[in-house]
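In: Take a look and give me a structure for this.
(one chain, ligands or ions: 1)
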Amino acid sequence: MAKILDGKLLASKIKTDLKTRIEKEKISCCLAVILVGGNPASRIYVNGKKNDCAEIGIKSREFELPSKTTESELLALVEALNADDNVDGILVQLPLPAHIDQEAIINAISPSKDVDAFHPINVGKIMTGNYTFLPCTPAGIIELLIENDVQIAGKECVVVGRSNIVGKPAAMLLLQQNATVTIAHSHTRNLAEVCRRADILIAAVGKAELITADMVKKGAVIIDVGVNRLPNGQLVGDVAYPEVSKIASAISPVPGGVGPMTRAILMKNTLQASTYNRK
Ligand code: GUN
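Out: Predicted structure coming up:
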């Protein structure tokens, strides 16, 4: 059976280290989190972020806005938070309601407070390797691999999914770690064959149990970014865990794998924002 890449355990270690640093250096730090509309999954994520802040001594300010909020109202709030010296990080939970231009909102967040690293300036910095903030989920994946002694340099990595939040930046960080990277997506021909090339396979498409055992090379390391709910209510990833875990050498579970790591990196970025902005 595969080794379980325990993101919950590692995230808890990262948060303990951050808490110790915040206490020791008496760091004052605040994250503003904006949620528009009552998407239940988004509300759970936002609550998780708020709890992480409380746990390690980061202040949080929550803005829960109704789904009818206009784009200009949201822009006005982002601008106010940009100008507020007591706010270090700004996170607008995605997705936003369809009537709001997501890109316009992301572009309005001050790059120095953009703890998600979604602003084009920060995305560009990730491309060049000269970054202020690492994208939370991709950086969480890299840390999960490194801390579990998975060698990345020289390995064949296949990233399934090309989203701006996970797939594309994850590919970039793997490249910076000297992996050979393939990005597969909905137009990829013979996905199973491409996936079978992977020493490290990252599944980030949002399709329940898409990656089955026949798509995995024996001994591969599997990172499952998906969070999907089956009709029976069960939470599953993008990987068919019961069958793939019999073939893989290591696998991240859902829940308890990448999710907690994403949140831990967000806390790291918020602390980074405060040291960057308040020096
Ligand atoms: N929605 C899903 N993942 C994320 C994330 O990492 N950041 C934000 N802001 N919204 C998300």
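In: Pick out the residue in the chain sitting closest to the ligand.
Out: Scanning the chain for the residue nearest the ligand gives Leu94, at 3.7 Å (criterion: CB to the nearest ligand atom). Glycine gets a C-beta too; all of them are placed from N, C-alpha and C.
In: Please name the nearest non-neighbouring residue to that residue.
Out: Gln102 (6.5 Å; CB to CB, 6 or more residues apart in numbering).
In: Near the one you found, how many other residues are there?
Out: Close neighbours of Gln102, defined as other CB atoms under 10 Å, add up to 16.
In: How much space separates it from Ile126?
Out: Distance of Gln102 to Ile126, given as CB to CB, to the nearest Å: 19 Å.
In: Then Leu31?
Out: Leu31 is 20 Å from Ile126, where distance means CB to CB.
In: and if you look at Met172?
Out: 6 Å.
In: residue boundaries of the helices in the stretch 51-200 of the chain?
Out: With DSSP state H, counting those that start in this stretch, the ranges of helices along the stretch 51-200 of the chain come out as 71-83, 102-108, 120-128, 136-147, 167-176, 191-196.
In: Between the ones you listed, which one is closest to Val227.
Out: Closest to Val227 of the helices of the stretch 51-200 of the chain, according to CB to CB: helix 136-147, at 10.9 Å.
In: before we move on, back to that, check the residue nearest to Leu94 and give its pLDDT.
Out: With respect to pLDDT, Gln102 has a value of 98.
In: pretty sure it contacts Pro95?
Out: Yes: under the criterion of CB atoms under 8 Å, Gln102 makes contact with Pro95 at 7.1 Å.
In: what's near enough to touch Ser252?
Out: The contact partners of Ser252, taken as CB atoms under 8 Å, 6 or more residues apart in numbering, are Ile4, Leu5, Gly7, Leu144, Ile222, Ile223, Asp224, Val258.
In: Leaving out sequence neighbours, find the closest residue to it.
Out: In this structure, Ser252 finds its nearest non-sequential neighbour in Leu5, 4.1 Å apart by CB to CB, 6+ apart.
In: residues contacting the one you found?
Out: Taking CB under 8 Å, 6+ apart, we find Leu5 in contact with Leu144, Leu145, Asn148, Val221, Ile223, Ala250, Ile251, Ser252, Pro253, Gly257.
In: switch to 7 Å and redo it
Out: Leu5 makes contact with Leu144, Asn148, Ala250, Ile251, Ser252, Gly257, according to CB atoms under 7 Å, 6 or more residues apart in numbering.
In: need the residues you listed in CSV with distance to Val160, can you?
Out: Converted to CSV, these look like this (distance: CB to CB, whole Å):
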residue, distance to Val160
Leu144, 17
Asn148, 20
Ala250, 17
Ile251, 15
Ser252, 14
Gly257, 15
